[in-house]
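Novice: Got a sequence here, can you build the structure:
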Amino acid sequence: MDRIASGVRALAFLVFAVVCVGCLEPMPCPDGLVPGPSGCVPEDAGHDAGTDALAMGDGCVLLTFYLDEDGDEHGDPEMSTTACDAPDGYVAAGDDCDDGSRDSHPGLTETCDGLDNDCNDRVDEGLLLTFYPDGDGDGHGILGTTMMACTAPAGYAPASDDCDDASNMRFPGNPEVCDAIDNDCDAPMIDETFACVRNATTACVTSCGSMGTGTCSATCTAPAVCNPPAETCATAGEDDDCDGQVDEGVQNFGPRIDLGPTASRVVVVRTDMGYVAFMSRTGGLFARRFSDAGAMVGSEVLIHADASTRFDAYGLGSRILIGWMTGENLVGTVLTSALGPSTPPVNMYVLDGFEGQLRVGVSGSTAMFLFRNGNLGSVDGLRRNWPGLTSLGTSGRAIMGAADDFDATFASSGAFVAARVGSNVRVAHYATNGSATSPLDVGDLSPESFPSLHYTAEHGGVLAVAWLVDLAGTTSDGVRMQTFSAAPTGSLAPLETATLLPGLVRNSVPIELTYTGGRFVAAIFPFTSTSFVPTWNVVDVNAVGIPMPRVTTLESTLDTNTVTAIAAEGTDGTVFVAGTRSGGITRAYRRGCL
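Specialist: Now for the predicted structure:
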């Protein structure tokens, strides 16, 4: 009622003022006063600047005030009154957009609450967030139908980075556990904080150092068993499959290397600079160097002008020991691996009735010369200091008597000697101190060619002996190989006996043995029992003497008297084989990872 009464009075006053405007002559007012409804009033009691308030005669100025029910100092523009002073619950500003909420009025900072806080007719402008479907409730959603809201609605999450919205065990930031699952959504990595992925096939280091595969344990630790890979030339010189052999079955022979005219004897040695092939032919003893890869190095070198089969050579690191016969004089010298002089030639022994075969080698600090004494029919030995070749005693030591043919190989304790004696092959040990063991008969195996043998210190010391056996066309014909466990004292314990190339009945078959890459290699030039067609073969044999399923034929269309000498020398799985054909040419092949 008060509000209505006030309105009536104000209306009456306005009507009076309008009616009377122009009826009365305004009275002049002193300075500082202006005409008012009932006389002169102070100048500031009239119309206030910027308002429509009316001044009353008593000095009161009527102002418009607006109802402010929420007490935020901003009133409802639809609910106003006039008065000289703001009545209780009224304010001068009538700009509130929601007088029922203190959280909405002009000048208020917008917050994300579903209200128009700053009264600009927009709600939560610039503050709404995008939320994504989160089916597993792990706080991480996926791309799909989104919602805009201030806070996440039920079933929604603020991020769309879940890698599996059906599992609350998989989301970014989740700690990785050993379960073969990508817990932290950083694919392709799984169980990456552990050694490997649980129960998965994983890379591992084998017992021989190659990279193999195995099954990761249930606790994500390295495989208990690491299976080696297949042998490959990609890692040439390494034992990939952990069988103790290097590059077996994957090496190949390179192109043929022509070394010159027919030689009466060929010897190949290994040095720190590669291979050296020594050849005796018309004009003397010649040598030619080759790199590890089998490429020729430099020119052919004349070592001695005496053209004879009576020579031998032995390579050891940067030096080469050479022995040859000049007449009945045994001469020894030492060359560098580049074929330069190291120790000048030394006349060491005069043999009466020397019968051709000579073998030289080095055992520790002792150079050893072994030869067949024709008058005595024995295999004798001579020792010199290495590498100076100074005397350790000039008289020869009989190692084995009544021998037809022999060969020797060298260990740190001395030389092992194998000889054909009647229908037997016998093996003896010639020590660096000059003593010799009693010969051991390998057995009555009807040897038809002089034996070849080779010793390796690997596997506890293994000695291999090979020779041709002719038992009148039986299945035992062929190249027989016997391996022994060889003690430093020279005692032998048999390991394996095998026939390398069955069916061979031709005698005088050249055989050479070497050891390389964890296996023995035999270079053989046999004749078949049916056609007598010569074939030049290389056979791999494992460390204890069991033939491997790999026989390589180098040449198979030669005449029946082609090879008069053959030699083989290898290292790190490679083999360098050289041979000569009568009336023809001396040739070589290198087998390795090409």
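Novice: Helix or strand for the nearest residue in space to residue 146 that is not next to it in sequence, just tell me which one.
Specialist: Nearest non-adjacent residue to residue 146, counting by CB to CB, 6 or more residues apart in numbering: residue 130, 5.2 Å away. Yep, even glycine has a C-beta here, placed from its N, CA and C like the rest. Using DSSP states H and E, residue 130 maps to strand 129-133.
Novice: Direction included, what does that strand pair against?
Specialist: Using DSSP bridges, the strands paired with strand 129-133 are strand 147-149 (antiparallel), strand 156-157 (antiparallel).
Novice: closest one to residue 409 among the ones you listed?
Specialist: strand 156-157 (78.3 Å; CB to CB).
Novice: So which residues make contact with that closest one?
Specialist: Contacting residues not belonging to strand 156-157 are listed as 131, 132, 133, 134, 138, 139, 140, 141, 147, 149 [CB atoms under 8 Å, 6 or more residues apart in numbering].
Novice: mind listing what the nearest residue to the fifth one once chain neighbours are set aside touches?
Specialist: The spatially closest residue to residue 138, leaving aside those adjacent along the chain, is residue 168, at 4.0 Å (CB to CB, 6+ apart). For residue 168, the contact set (CB under 8 Å, 6+ apart) comprises 136, 137, 138.
Novice: Just confirm the last one contacts residue 161, I think it does.
Specialist: Same thing as residue 138. No - look at residue 138 against residue 161 with CB atoms under 8 Å: they stay out of range, at 10.8 Å.
Novice: okay, those two: which has more neighbours?
Specialist: residue 138 (19 against 15; other CB atoms under 10 Å).
Novice: Where does the more buried one sit: helix, strand or coil?
Specialist: Secondary structure assignment for residue 138 (DSSP: H, G, I helix; E, B strand; the rest coil): coil.
Novice: Now stretch 200-215: average pLDDT?
Specialist: The average pLDDT within stretch 200-215 is 95.
Novice: With stretch 479-492 instead?
Specialist: Average pLDDT, stretch 479-492: 89.
Novice: Flag every buried residue along that stretch.
Specialist: Under the neighbour-count criterion of 16 or more other CB atoms under 10 Å, stretch 479-492 has 479, 480, 481, 482, 483, 484, 486, 490, 492 buried.
Novice: check contacts around residue 434.
Specialist: 381, 383, 392, 393, 397.
Novice: again, 10 Å this time
Specialist: 366, 368, 381, 382, 383, 392, 393, 395, 397, 414 (CB atoms under 10 Å, 6 or more residues apart in numbering).
Novice: Among those residues, which pair sits farthest apart?
Specialist: Between any two of the contacts of residue 434 (CB to CB), the greatest distance is 17.4 Å, for 395 and 414.
Novice: ok, the residue nearest to residue 138 to residue 157 distance?
Specialist: The gap separating residue 168 from residue 157 is 11 Å, by CB to CB, to the nearest Å.
Novice: Ok, residue 133 next?
Specialist: 8 Å.
Novice: Tell me the residues that contact both of the two, please.
Specialist: 141, 142, 165.
Novice: what about the first one, how many neighbours?
Specialist: The number of residues packed near residue 141 is 25, by other CB under 10 Å.
Novice: Domains in this protein, by residue range?
Specialist: 2-91, 252-592 (automatic domain parsing).
Novice: So for stretch 81-93, mean pLDDT?
Specialist: When pLDDT is averaged over stretch 81-93, the result is 93.
Novice: For that stretch, measure first residue to last.
Specialist: For stretch 81-93, the first and last residues are 12 Å from each other (CA to CA, to the nearest Å).
Novice: and if you look at stretch 110-123?
Specialist: Termini of stretch 110-123 sit 8 Å apart (CA to CA).
Novice: roughly how far is it from the heart of the chain?
Specialist: Relative to its chain's centre, stretch 110-123 lies at 63 Å (CA atoms, centre = their mean, to the nearest Å).
Novice: Excluding covalently adjacent residues, which one is nearest to residue 166?
Specialist: residue 136 (5.9 Å).
Novice: mind pulling up the phi and psi values for the residue nearest to the spatial centre of the chain?
Specialist: Centroid-nearest residue in the chain: residue 211, 6.5 Å away (criterion: CA atoms, centre = their mean). Here is the backbone geometry of residue 211 (degrees, to the nearest 10): phi -90, psi 120.
Novice: tell me which element the closest residue to it other than its chain neighbours falls in.
Specialist: Of all residues not flanking residue 211 in the chain, residue 203 sits nearest, at 5.8 Å (CB to CB, 6+ apart). Secondary structure from DSSP H and E places residue 203 in strand 201-205.
Novice: So which residues make contact with that strand?
Specialist: 195-196, 210-217, 220, 222-229.
Novice: one more time with 7 Å, if that's ok
Specialist: Contact with strand 201-205 is made by 196, 211, 212, 213, 214, 215, 216, 222, 223, 226, as judged by CB atoms under 7 Å, 6 or more residues apart in numbering.
Novice: list the buried ones in the strand holding residue 130?
Specialist: Per 16+ other CB under 10 Å, strand 129-133 contains these buried residues: 131, 132, 133.
Novice: tell me the mean pLDDT over it?
Specialist: 95.
Novice: With stretch 422-438 instead?
Specialist: Rounded mean pLDDT across stretch 422-438 is 89.
Novice: what's the first-to-last distance across that stretch?
Specialist: With CA to CA as the measure, stretch 422-438 spans 17 Å from end to end.
Novice: who's more crowded, residue 395 and residue 414?
Specialist: For residue 395 and residue 414, the more surrounded residue by other CB under 10 Å is residue 414, and the numbers stand at 27 against 8.
Novice: Identify the residues contacting that one.
Specialist: Contacts of residue 414 (CB under 7 Å, 6+ apart): 363, 429, 430, 431, 432.
Novice: Identify the bridge partners of the fourth one.
Specialist: By that I understand residue 431. In this structure, residue 431 bridges to residue 414 when assessed by DSSP bridges.
Novice: And residue 201, by the same measure?
Specialist: Under the criterion used (DSSP bridges), residue 201 bridges to residue 215.
Novice: got it, and residue 329?
Specialist: Applying DSSP bridges to residue 329 gives these bridge partners: residue 326, residue 350.
Novice: That one and residue 102, how far apart?
Specialist: Taken as CB to CB, the span from residue 329 to residue 102 is 126 Å.
Novice: Neighbour count: those two, which is higher?
Specialist: Higher neighbour count among residue 329 and residue 102: residue 102, with 16 against 13, using other CB under 10 Å.
Novice: how far away is the more buried one from residue 151?
Specialist: If you go by CB to CB, the gap between residue 102 and residue 151 works out to 21 Å.
Novice: and if you look at residue 580?
Specialist: 95 Å.
Novice: Same check on residue 212?
Specialist: According to CB to CB, residue 212 and residue 151 sit 54 Å apart.
Novice: How about residue 267?
Specialist: 92 Å.
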